[in-house]
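Student: starting from these lines, generate the structure:
(chains A and B)
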Amino acid sequence: MLRDKDRFLNILLVSPSILAVLIFVYVFIGWSVRVSLSKWKGLNADYTWNSINNYLELFADPRFHVDIRNTVIFTGVFVFGSISLGFTLAVMLDQGLKGEGFFRSLFLFPMAISYIVTGVVWRWLMSPATGTRTSGFNLLFSYLGLDSLANAWHTTPTWGIAAIALAAIWQMSGYTMALYLAGLRAIPVELREAAQIDGASELQIYRHIMLPLLSPVTLSALIILGHMSLKVFDLIVAIAGKQLPLDVPAIYMWQITFDGLFYGKGAAIGILLLISVAVLIIPYIRHTLRTEAQQ
Amino acid sequence: MNKRFFALLSILVIASFALAACGGSAPAAEEPAAPSGGNSVEVFSWWTGGGEAAGLDAMIVVFKAENPDIEFVNAAVAGGAGTNARAVLATRLQSGDPPDSWQGHAGQELIGTYVAGGQIEPLNDLYEAEGWLAVMPETLIPLISDNGNIYSVPVNIHRANVLWYNPAVLEANGVEVPGTVDEWFAAMDTLQAAGVTPLALGEQWTQLHLFETVLLGSLGADAYNGLWDGSTDWGSAEVKAALDDFAKALTYTNSDAASLSWQDAAQLVVNGDAAFNVMGDWAEGYFRELGKEPNVDYGWAATPGSDGVFQFLSDSFVLAVGAPDPEAATAWLKVAGSKAGQEAFNPVKGSICARTDCDRALFGVYLQSAMDDWSSNIVVGSLTHGTVANDSWKSEIDTALGLFLAGGDVDAFQSALVAACKSSGPCQ
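Tutor: Just a heads-up that it's a prediction; the model follows:
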């Protein structure tokens, strides 16, 4: 039992951050919801009630359809790519490779770079120029005699967004690798040895022992990568500027709010983003809390 | 660490929150650059790099020489074409903390957005006192006015409807500089058949820029102006014809447009990789930076169909409603509109004076030709650069254009443009 004085001090100690979170997170979420239900358009605040019309307009807006399609493609390619590549790298490093520390930093390195820098480099790598101006991957393919692989990358309609996801995979798969490597190292050696004695092949060990034990890691990776991909903004702007074929909700929100001054609609996009992130994260938090409670 | 220390720390943190909350009511106290006397002018702009920042500095020198006792606070915010700066400005205006004066594109970007929001003071008295009505083109004044009030001081003029071309490429293919849209298409057919990229194009805003010049060339100045005041019907057959022209122009462009900046696209022309490029006349400053010779490495003409029309955009300064120091702000505006201020600014920035009485000798051969056209042509405003449409309308047109570029459906494009005029333009 804590003494009263201690309890008072504890509350005092955490109260500033609770207060800050209360104001800067929850009050502002509430305010955004209110704005999203208003007719606010233009420089001056206008809280005239507009019911859910901003949301209805968004769902009827062909640009928002492009955004949703792009988000789905981007999330699918990015999350699947980062997790599978990260897992493969982790398994390879876990084989007791010489110079593991070097490779670990090598793969983790891209994460230390900002999306803007990644974007500038990948903008050049994925240059879709043809003829004498060919550069980046397309030039590499032509050196290697693989001309058939040359393509228009992010300027391809519909699937161009997947090219951007490649850059994001490059950036984040090292991080997923680190997560998996930590997970692999946490698995007791005895389990593996016991399986080996029982005659399990390496593949069977990974399939039936390691992967199930790593499922919490996979879940964390899904959550982290998933919410990153819902919020993606700077990488796309750095690679492709603001163009409609590569539009995502975060870019639309910025443009409609600050370039177009449709504050009501911009807030509505923000709330939809919040809901989509919440859908992803709340089950995870519940799961974690329940596991902790059981322990 | 003892508990007393933690308690003290917590109290300090809470106290600092409380102080920060009070700070909102007295923002001037937190502005370290502003002296307590209040005799200072804070000027907000997005000129933080290249010729723009250097031009601003040159104008600040003139300001300081004339107003030695007023401190100049340069509140420039970085970010291409002001996208970031405008977000910062909107936030400051909403919190009741305006800078004394800020930079914006003359025209509807200011009038339809900030004047409509009650954030800018009219400047008629200043115009009369300084005699600016006599030195600025008559056709300019209505474009920066609303209800008989003038709202901004243009410091420079850029021309949007310029067709840049590579003289050597045109000559090698036996092509003349086109005067009309049809001649242009014929020339580009010849070039395309010869394996030359006819028209260099860049990312989406340069496509909006191309769109507005095709609208102007196809419709003519009067009908083009009518688009913005509601007298030309966006749903009409003539607009449809202009949209078809635009769709056709796009077929002559490089396939990698979406990944090129305006500089990349302009460079294709001076490097001989493409024949034409439509871009504002800041491209000329870029060509000179690359060490290219006017009339040798690049030539220019009004965009097809717009000869005798000067489609302009202009950086201009305004007086904020509730400016902390209106007198100092007025002193700044006087310099921005003065001959000395504009002659200091424009040769460095690579634009011409809004005034028609600047010294020609300060400018290069292209800018001299632009000065002639500015004082003699019909003046119309630019869409991409904020002159003819307010921010909301422009962003809706931009979205309609983006969907058209992705889908290629001219009819859907036209109905989206009609809807945009109803939602944020004069067709309400």
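
Student: contacting residues for the most centrally placed residue in chain B?
Tutor: For chain B, the residue nearest the mean C-alpha position is residue B:385 (3.7 Å; CA atoms, centre = their mean). With contact taken as CB atoms under 8 Å, 6 or more residues apart in numbering or on different chains, residue B:385 is in contact with B:105, B:158, B:160, B:280, B:313. Quick note: C-beta positions are derived from backbone N, CA and C, even for glycine.

Student: let's see that with 7 Å instead.
Tutor: By CB atoms under 7 Å, 6 or more residues apart in numbering or on different chains, the contact list for residue B:385 reads B:105, B:160, B:313.

Student: give me the contacts around stretch B:269-277.
Tutor: With CB under 7 Å, 6+ apart as the contact definition, stretch B:269-277 has outside contacts at A:133, B:163-166, B:168-170, B:191, B:196-200, B:254, B:265-266, B:268, B:287, B:290, B:292, B:297-298.

Student: endpoint to endpoint, that stretch covers what distance?
Tutor: 7 Å (CA to CA, to the nearest Å).

Student: also stretch A:235-249?
Tutor: For stretch A:235-249, the end-to-end distance is 14 Å (CA to CA).

Student: same deal with stretch B:348-366?
Tutor: OK, stretch B:348-366 end separation, CA to CA: 14 Å.

Student: who touches it?
Tutor: Counting by CB under 7 Å, 6+ apart, B:51-52, B:54-55, B:58, B:135-137, B:154-158, B:281-282, B:284-285, B:294, B:300, B:314, B:339, B:342-343, B:346-347, B:367-368, B:370-371, B:374-375 sit against stretch B:348-366.

Student: could you rerun that using 6 Å?
Tutor: Residues from elsewhere that reach stretch B:348-366 (CB atoms under 6 Å, 6 or more residues apart in numbering or on different chains): B:51-52, B:54-55, B:58, B:135-136, B:154, B:156-158, B:284-285, B:294, B:314, B:342-343, B:346-347, B:367-368, B:370-371, B:375.

Student: next one: stretch A:36-46
Tutor: Identification of contacts with stretch A:36-46 by CB under 6 Å, 6+ apart yields A:47, A:48, A:50, A:54, A:261, A:262, A:263, A:264, A:267, A:268, A:271, B:117.

Student: please repeat the previous calculation with a cut-off of 8 Å.
Tutor: A:47-52, A:54-55, A:261-265, A:267-268, A:270-271, B:90, B:93-94, B:113-114, B:116-119, B:392, B:424.

Student: only alpha carbons, please: show it as PDB.
Tutor: The C-alpha coordinates for stretch A:36-46 follow below in PDB (Å, rounded to 0.1, in the frame of the first residue of the first chain):
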ATOM      1  CA  SER A  36     -16.200  17.800 -39.800                       C
ATOM      2  CA  LEU A  37     -19.900  18.200 -39.100                       C
ATOM      3  CA  SER A  38     -19.800  21.900 -40.000                       C
ATOM      4  CA  LYS A  39     -20.100  24.000 -43.200                       C
ATOM      5  CA  TRP A  40     -16.700  25.600 -42.600                       C
ATOM      6  CA  LYS A  41     -15.200  26.700 -45.900                       C
ATOM      7  CA  GLY A  42     -12.900  29.600 -46.200                       C
ATOM      8  CA  LEU A  43     -10.600  31.500 -43.900                       C
ATOM      9  CA  ASN A  44     -13.000  32.200 -41.000                       C
ATOM     10  CA  ALA A  45     -14.400  29.500 -38.700                       C
ATOM     11  CA  ASP A  46     -18.000  28.600 -39.500                       C
END
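
Student: flag every buried residue along that stretch.
Tutor: Neighbour counts using 16 or more other CB atoms under 10 Å in any protein chain shown place A:36, A:37, A:38, A:39, A:40, A:41, A:42, A:43 of stretch A:36-46 among the buried residues.

Student: of those, which is the nearest to chain B?
Tutor: Nearest to chain B out of the buried residues of stretch A:36-46 is residue A:43 (CB to the nearest CB; 3.2 Å).

Student: check residue B:51 and give its pLDDT.
Tutor: At residue B:51 the predicted local confidence, pLDDT, stands at 80.

Student: that one is in what secondary structure piece?
Tutor: Remark: residue B:51 resides in helix B:50-66, with elements defined by DSSP states H and E.

Student: tell me the helix or strand right after that helix.
Tutor: Toward the C-terminus from helix B:50-66 - assigned by DSSP H and E - lies strand B:71-76.

Student: ok, that next one: who's next to it in the sheet?
Tutor: Within its sheet, and counting by DSSP bridges, strand B:71-76 is paired with strand B:40-45 (parallel).

Student: and the angle from the partner strand to helix B:50-66?
Tutor: If you take axes from the mean of the first three to the mean of the last three CA atoms, to 10 degrees, strand B:40-45 sits at 160 degrees to helix B:50-66.

Student: quickly note the distance from the residue nearest to the centre of chain B to residue B:159.
Tutor: According to CB to CB, to the nearest Å, residue B:385 and residue B:159 sit 11 Å apart.

Student: where does the chain have low pLDDT?
Tutor: I went with chain A, as the question did not name one. Across chain A, the ranges flagged by pLDDT under 70 are A:1-2.

Student: not quite, I wanted chain B
Tutor: Using pLDDT under 70, chain B drops low at B:1-38, B:78-83.

Student: measure residue A:25 to residue B:380 for me?
Tutor: 48 Å.

Student: who's more crowded, the two?
Tutor: residue B:380 (24 against 10; other CB atoms under 10 Å in any protein chain shown).

Student: I figured the more buried one was touching residue B:308, is that so?
Tutor: No: using CB atoms under 8 Å, residue B:380 is not in contact with residue B:308, being 10.9 Å away.

Student: for the strand or helix carrying residue B:374, buried residues please.
Tutor: Using DSSP H and E, the element containing residue B:374 is helix B:365-376. Buried residues in helix B:365-376, counted by 16+ other CB under 10 Å: B:366, B:367, B:369, B:370, B:371, B:373, B:374.
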